[in-house]
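Undergrad: attaching a predicted model along with its sequence, questions to come.
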Amino acid sequence: MATRDNRVREVRHARGLTLNRLAAVADISPNTLVAVEKHFYWPTERVRERIAAALGLELEDLWPRRTAPAA
């Protein structure tokens with residue numbers, strides 16, 4: 001099951017990127033990036049891939065997969 005948690009804002013801040021700069025590099029609108037960071041919007045796989053690539057990361061680095069607890 002996918003989680004709504006993401007690390008986009010945390011990583012963006014750690015790398016000293018502005019929201020507008022990351023949006024430009026990822027080729028998405030700043031409004032979309034705000035919505036992703038604030039968990040208002042679950043981005044498509046393509047948008048997630050663009051954000052991850054712009055940060056030099058894999059999708060799983062930003063959107064960890066949750067696994068079912070062991071029985």
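TA: Noted; the coordinates are in hand.

Undergrad: lowest-confidence helix or strand of this structure?
TA: For the chain, the helix or strand with the lowest mean confidence is helix 59-62, at a mean of 89 (criterion: mean pLDDT, DSSP states H and E).

Undergrad: residues in contact with that helix?
TA: By Cβ atoms under 8 Å, 6 or more residues apart in numbering, the list of residues contacting helix 59-62 from outside reads 6-8, 11, 45, 48-49, 51-52, 55. For the C-beta atoms, the positions are set from N, CA and C on the backbone; glycine is no exception.

Undergrad: in the chain, spot the helix with the most residues.
TA: The single longest helix within the chain, with elements called by DSSP state H, is helix 45-54.

Undergrad: pLDDT (mean, whole number) over that helix?
TA: The pLDDT scores in helix 45-54 average 96.

Undergrad: elements contacting that helix?
TA: Contacting helix 45-54 under the criterion 3 or more Cβ pairs under 8 Å, 6 or more residues apart in numbering; DSSP states H and E are the following elements: helix 19-26, helix 30-37, helix 59-62.
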